[in-house]
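J.: predicted model follows, preceded by the sequence.
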Amino acid sequence: MARYRGPKSKIARKFREPIFGPDKALEKKNYPPGHHGNSKRRRKESEYGIQLQEKQKAKYTYGILERQFRNTFKKAAKRKGVTGENLLQLIEARLDNVVFRFGIAPSRRAARQLVSHRHISVNGKITNIPSFSVKPGDLVGVREKSKSLEVIGESLVGRTNRFPWLEWDEDKLLGKFMNYPTREEIPENIKEQLIVELYSK
């Protein structure tokens, strides 16, 4: 499966946000990468450039490639409601993202690996597809044989975020996807309307 495996700090600096988590390089150099550093005057970006950058930021944040992202947008456009909010809701419902939100994995990349390596179950069945769409009411948990994995234990110990659309049982290492989150509940700093405008051209 093709995924971005390049330097994370360079991408974070490009968007001026810690999209892969806390980043010391971003704190020291909070400006886009380039051999001229922060001194060079940069051209004003076009409307298309701003929209494209917002889409790229969303793709890097959630770790989704172009084809999957475009297909998700098409699904979002067919649903009732606001397309931009629908898009983020569908992305938030991806199994790898849900595993990350529950705190089972420290990052989305680690969550994808846990899913791919068959450590995660949905409604009692092992599911190894990171892009699997979790539905309201679905139960997502750690496979019985995998509950002793050190990486999962360490991640859950450091678990701090609580999300209103998720319910977690610490004893069973089992979580419930209660409902799709509202836009206000999704913490990611993404201007989804710019993405809608880009794909609508």
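T.: Nice, thanks for sending it over.

J.: OK, contacts around the residue nearest in space to the middle of the chain?
T.: Nearest to the geometric centre of the chain sits residue 62, at 2.8 Å (CA atoms, centre = their mean). By CB atoms under 8 Å, 6 or more residues apart in numbering, the residues touching residue 62 are 91, 94, 97, 108. To be clear about C-beta, it is placed using only N, CA and C from the backbone, and glycine gets the same treatment.

J.: name the element the nearest residue to residue 45 once chain neighbours are set aside belongs to?
T.: Nearest non-adjacent residue to residue 45, counting by CB to CB, 6 or more residues apart in numbering: residue 53, 7.3 Å away. Here residue 53 sits within helix 47-62, counting by DSSP states H and E.

J.: let's test this: mean pLDDT of that helix, rounded?
T.: Across helix 47-62, the average pLDDT comes to 93.

J.: can you count the residues close to the nearest residue to residue 172 once chain neighbours are set aside?
T.: Distances taken as CB to CB, 6+ apart put residue 141 closest to residue 172, at 6.8 Å, once the chain neighbours are dropped. Using other CB atoms under 10 Å, residue 141 is surrounded by 22 other residues.

J.: quick check, residue 134 in contact with residue 120.
T.: No - counting by CB atoms under 8 Å, residue 134 stays clear of residue 120, with 10.6 Å between them.

J.: so between the two, which is more surrounded?
T.: Between residue 134 and residue 120, counted using other CB under 10 Å, the more crowded position is residue 120 (27 against 22).

J.: what's the spacing between that one and residue 45?
T.: 40 Å (CB to CB, to the nearest Å).

J.: would you say residue 176 is within a helix?
T.: No - read with DSSP: H, G, I helix; E, B strand; the rest coil, residue 176 is strand and lies in no helix.

J.: so who does it touch?
T.: Contacts of residue 176 by CB under 8 Å, 6+ apart are 137, 138, 139, 140, 166, 167, 168.

J.: and of these, the nearest to residue 184?
T.: Among the contacts of residue 176, residue 166 lies closest to residue 184 (CB to CB), at 15.4 Å.

J.: returning to what we had before: nearest to residue 190, of the contacts of residue 62?
T.: Of all these, residue 190 sits closest to residue 91, with 9.4 Å by CB to CB.
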